[in-house]
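>>> Sequence and predicted structure are below.
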Amino acid sequence: MRIRTGVPQDITGIASVHLATRRATYRGILPDEVLDVMTPASVAAWWREYLPQAPRPNTLLVADAESTPQGFAFLQAAGVRGEIFAIHVHPQAQGQGIGRLLIHRALEVLGSWGCDRAVLWVLADNHGAQRFYRKLGWTPVPEGIRVENIDGAPVTEVSYQLPLAPDEPRAGHHPA
């Protein structure tokens, strides 16, 4: 599995991963009508619109096998805080360490930007993802709760953080 910096030609592939992951993971969390109306083309269009206006610096990381995206992470920074804005691994590729590899590389990138901590937001009802982050050393952010709107569906998200101390080993920094 290779983790590389994404290019514009990856949008279609990451949209496919994003859609498959949402449908597999968010079924029962988001209304079926929200998930069922999404298409690879609509998700790709969202990414094409979002990427040019995303906060900078930012980076798209792609995990691929034989040039086929199996997962991705999108990172952006705000001052000394680095955010993993999105991280998805195709349902058929989960459990193979790809998420850990993406997190590992994301922490390297955020550290290279001078960020002192990494943060991410996860749906409050996505207990599997929360277990995954906790296992890697991420901790909930006190008062890190917000309500977001995903295609018309209000969802509660909780925030997790991980310190990025320079020159010190970090939890979740070592691939499986």
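Now that the structure is in, tell me what you want to look at. Residues are numbered from 1 along each chain as shown.
>>> And the strands in this protein, which stretches?
2-5, 58-65, 68-78, 81-89, 117-123, 139-150, 153-163 (DSSP state E).
>>> I'd like to know which elements the third one is packed against.
For strand 68-78, the packing partners by 3 or more C-beta pairs under 8 Å, 6 or more residues apart in numbering; DSSP states H and E come out as helix 11-26, strand 58-65, strand 81-89, helix 98-112. Any C-beta I mention is one placed from the backbone N, CA and C, and that applies to glycine too.
>>> Which residue is the nearest non-sequential neighbour of residue 90?
Leaving out its chain neighbours, the residue that sits closest to residue 90 by C-beta to C-beta, 6 or more residues apart in numbering is residue 17, at 4.8 Å.
>>> isn't the one you found right next to residue 92, touching?
No: when contacts are counted by C-beta atoms under 8 Å, residue 17 is not listed as touching residue 92 (10.0 Å).
>>> Looking at those two, which one has more neighbours?
Set side by side, residue 17 and residue 92 show more neighbours around residue 17, with 25 against 11, by other C-beta atoms under 10 Å.
>>> Could you pull up the residues touching the residue nearest the centre of the chain?
The residue lying closest to the centre of the chain (C-alpha atoms, centre = their mean) is residue 87, at 1.7 Å. By C-beta atoms under 8 Å, 6 or more residues apart in numbering, the contact set of residue 87 is 71-74, 99, 102-103, 106, 120.
>>> now do 6 Å
73, 102 (C-beta atoms under 6 Å, 6 or more residues apart in numbering).
>>> heads up, I number from 605, so please use that
From this message on, residue numbering opens at 605, which makes the last subject residue 691.
>>> hmm, back to that, let's have the helices and strands packed on strand 672-682 in CSV, adding mean pLDDT.
Supplementary listing: the helices and strands packed on strand 672-682 in CSV, determined by pLDDT from 0 to 100:
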stretch, mean pLDDT
helix 615-630, 96
strand 662-669, 95
strand 685-693, 96
helix 702-716, 96
